[in-house]
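Q: here are the coordinates; sequence isn't available:
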């Protein structure tokens, strides 16, 4: 087992009606807030008014910034940070899913600096302070509510990158599973794939940590069992709660304990290229990319993949190929794509994807990919 440091300062408040505690917490953070959200669903389903009513109840002034898109862009972060500076806000409240929360994390940094926020993302500048961040989660999947990671894309530079900094931990995160009940079936399934992929990225991380392996595998088992029921029973509160909690645990550091790093993340680099080029939902890129990546790894780490089958499916007799097939079967059961053609991408698109991956030198932290390996992954995504 590797040496490690575990740290997570986020206060997580979980359950039905927990937003009613916001008026007790908000005054500790300041007198004026920037409320950040997406493209209107939080208004449609009356979540945003519950948040803003809590702010008004304790005398907190607030301004709103809307329009954060799925696969969030640096452009919106810049605009929101400028608004936060202009209005001299004291803290940020992010109401939404991972795209909104990831954006708000970088907004919280940019609002306290004159530096362009993309400089933080690419590592050319180091933040020294941040506005406090409160999150109100409405979509389960990314786990962003309890970590210090944000993923943003820059269409001008053709990059979609993850960025980690201790200042980006939220102060408080409110998780009410009922807030996710309005998420449609396909988006719910995408969140399920995202959770599974986070656990897989950790499982394929560096170092020998049997307990962390079991944590990751149990999260996958929980999500497969619960997710298969949830996509056919979208308003079931208990199922929503189980998925929401699994999502948080999949990326709050638990699955990285005892490893040499937080995971491989090569598959996410591949998925990010699909989102960047074609605006495919993040979870759907991963249901295509992860089986393809594992097929590439069949000859390199067959024992590791077989162990995954034993831990997740209780079957020590599965071959590595059969383990991968079981993941593909699950994604198909919840109507997610496993091939590029299922998201209407052609042979020509596959060539474009390969060119971008090679241009970006997309790779993992543990398993290094070269051009021929990236080409093979694209071929697996196209043909299986």
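A: Yep, that arrived. Source: prediction; values computed, not measured.

Q: what packs against the one helix or strand residue 372 maps to?
A: In this structure, residue 372 sits in helix 371-383 according to DSSP states H and E. When contacts are defined as 3 or more CB pairs under 8 Å, 6 or more residues apart in numbering; DSSP states H and E, helix 371-383 packs onto helix 282-296, helix 347-360. From N, CA and C alone the C-beta is placed, and that goes for glycine too.

Q: of the ones you listed, which stretch is the most buried?
A: By mean neighbour count, with neighbours taken as mean count of other CB atoms under 10 Å, helix 282-296 ranks first of these at a mean of 26.

Q: so what does that helix touch, helix or strand wise?
A: Helices and strands touching helix 282-296, by 3+ CB pairs under 8 Å, 6+ apart, are helix 185-203, helix 266-278, helix 320-333, helix 371-383.

Q: pLDDT averaged over it - what is it?
A: Helix 282-296 comes out with an average pLDDT of 97.

Q: quick check: next helix or strand after it?
A: Note on helix 282-296: by DSSP H and E, the next helix or strand toward the C-terminus is helix 302-313.

Q: quick check: closest non-adjacent residue to residue 61.
A: What sits nearest to residue 61 in space, not counting adjacent residues and going by CB to CB, 6 or more residues apart in numbering, is residue 32, at 4.6 Å.

Q: how near is the one you found to residue 60?
A: Look at residue 32 and residue 60: by CB to CB, to the nearest Å, they are 7 Å apart.

Q: of the two, who's got more company?
A: Higher neighbour count among residue 32 and residue 60: residue 60, with 22 against 16, using other CB atoms under 10 Å.

Q: and that one, what does it touch?
A: 26, 27, 30, 31, 32, 33 (CB atoms under 8 Å, 6 or more residues apart in numbering).

Q: ok, residue 298 next?
A: Counted by CB under 8 Å, 6+ apart, residue 298 has contacts 305, 320, 321, 324.

Q: which pair of the residues you listed spans the longest distance?
A: Based on CB to CB, the longest span within the contacts of residue 298 runs between 305 and 321 and measures 8.5 Å.

Q: out of those two, which sits in the busier spot?
A: Counting neighbours by other CB under 10 Å for residue 305 and for residue 321 shows that residue 305 has the greater number, 23 against 14.

Q: in this structure that one contacts residue 297, no?
A: Yes: between residue 305 and residue 297 there is a contact at 6.8 Å, judged by CB atoms under 8 Å.

Q: what do the two both touch?
A: The contact lists of residue 305 and residue 297 share no entry, where a contact means CB under 8 Å, 6+ apart.

Q: re earlier: residue 240 is nearest to which of the helices and strands packed on helix 282-296?
A: Taking CB to CB, helix 185-203 is the member of these nearest to residue 240, at 8.8 Å.

Q: next SSE after the closest one?
A: Heading C-terminal from helix 185-203, the first helix or strand you meet, by DSSP H and E, is helix 210-230.

Q: how far out from the middle of the chain is that following helix?
A: 16 Å (CA atoms, centre = their mean, to the nearest Å).

Q: what does stretch 303-319 give?
A: On CA atoms, centre = their mean, the centre of stretch 303-319 falls 26 Å from that of its chain.

Q: and for it, what's in contact with it?
A: Outside stretch 303-319, the residues that touch it by CB under 8 Å, 6+ apart are 200, 203-204, 213-214, 217-218, 220-221, 224, 294, 297-298, 302, 320, 322-324, 326.

Q: also stretch 362-382?
A: With CB under 8 Å, 6+ apart as the test, stretch 362-382 has contacts from 204-206, 261, 263-267, 269-270, 272-273, 288-289, 291-293, 295-297, 300, 339-341, 347, 350, 353-354, 357-358.

Q: try it again at 6 Å.
A: With contact meaning CB atoms under 6 Å, 6 or more residues apart in numbering, stretch 362-382 is reached by 206, 261, 264-266, 269-270, 288, 292-293, 295-296, 340, 350, 353-354, 357-358.

Q: quick one on the thing from earlier: for PyMOL, what selects the buried ones among the contacts of stretch 303-319?
A: Buried members of these, defined by 16 or more other CB atoms under 10 Å, are picked up in PyMOL with:
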select buried, resi 200+203+204+213+217+218+220+221+224+294+297+320+323+324+326
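
Q: closest to the centroid, which residue in this protein?
A: Nearest to the geometric centre of the chain sits residue 142, at 2.6 Å (CA atoms, centre = their mean).

Q: ok, back up a step: now distance to residue 381 and pLDDT too, for the contacts of residue 298, in CSV please.
A: Below are those laid out as CSV (distance: CB to CB, whole Å; pLDDT from 0 to 100):
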residue, distance to residue 381, pLDDT
305, 18, 97
320, 18, 97
321, 17, 97
324, 13, 97
